[in-house]
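Asker: Need a 3D model of the following:
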Amino acid sequence: MSAEEGSVRVDAWVWSVRLAKTRSVAAGLCRAGHVRVNGERAKPAQPLKVGDEVRVRQEDWDRVVVVTKLLSKRVGASVAVDCYIDNSPPRPASDPFHVNAPVAVRERGAGRPTKRERRDLDQLSGRRGR
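Answerer: Predicted coordinates for the structure are as follows:
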């Protein structure tokens, strides 16, 4: 399971330690410039060594990990955690303006809402009634 030759491809390692769901997604992250090794943009075939710092940009959040063990094949999550030291900053707090608010559902054919129902809908959606 481990690579004895002293180096492994970056895309294979990112996939094998479960930082990317598939190997092709890991290679795509590298090609798009979302993977950096020791501060430099990494191509998918770039060799990776123990002690390298790998930074993977995912959904507006940087995963910063230091390689402690080289893998070329995908392993279980409990084994994968032992192959790197996670130095990632905490995830950013969710933006209150992009929270999925509950949607009021009315039965089909119910017609226009009454004044009371309209006030309840406004209160549910956080709008102030006028």
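Asker: Model confidence for A3, exactly?
Answerer: We have a pLDDT of 52 for A3.
Asker: Repeat that for V99.
Answerer: Model confidence at V99 (pLDDT) stands at 62.
Asker: Could you report the distance from E59 to D86?
Answerer: 16 Å (Cβ to Cβ, to the nearest Å). Where C-beta positions appear, they are placed from N, C-alpha and C, glycine not excepted.
Asker: Looking at these two, which is more packed in?
Answerer: Neighbours were counted for E59 and for D86 using other Cβ atoms under 10 Å; D86 has more, 9 against 6.
Asker: The residue lying closest to that one once chain neighbours are set aside sits in which helix or strand?
Answerer: Leaving aside its chain neighbours, D86 sits nearest to V65 (5.5 Å; criterion: Cβ to Cβ, 6 or more residues apart in numbering). Using DSSP states H and E, V65 sits in strand 61-67.
Asker: quick one: contacts of the following helix or strand past that strand?
Answerer: Past strand 61-67, further along toward the C-terminus, the next helix or strand under DSSP H and E is helix 77-80. With contact meaning Cβ atoms under 8 Å, 6 or more residues apart in numbering, helix 77-80 is reached by S16, V17, R18, L71.
Asker: what two of those have the greatest distance between them?
Answerer: Checked with Cβ to Cβ, the contacts of helix 77-80 reach their widest spread between R18 and L71, with 10.1 Å between them.
Asker: Between those two, which has more neighbouring residues?
Answerer: L71 (21 against 15).
Asker: Helices along this protein, start to end?
Answerer: 10-16, 23-31, 77-80, 115-125 (DSSP state H).
Asker: Check the average confidence over the third one, would you?
Answerer: With pLDDT averaged residue by residue, helix 77-80 scores 91.
Asker: okay, that helix in CSV with CA atoms only?
Answerer: Output of helix 77-80 as CSV, limited to C-alpha atoms (Å, rounded to 0.1, in the frame of the first residue of the first chain):
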residue,chain,number,x,y,z
ALA,A,77,-10.6,6.8,6.3
SER,A,78,-9.0,5.7,9.6
VAL,A,79,-5.8,4.7,7.9
ALA,A,80,-5.8,7.8,5.7
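Asker: and V66, what does it touch?
Answerer: G51, D52, E53, V54, Y84, I85, N87 are the contacts of V66 under Cβ under 8 Å, 6+ apart.
Asker: Alright, that wraps it up for me.
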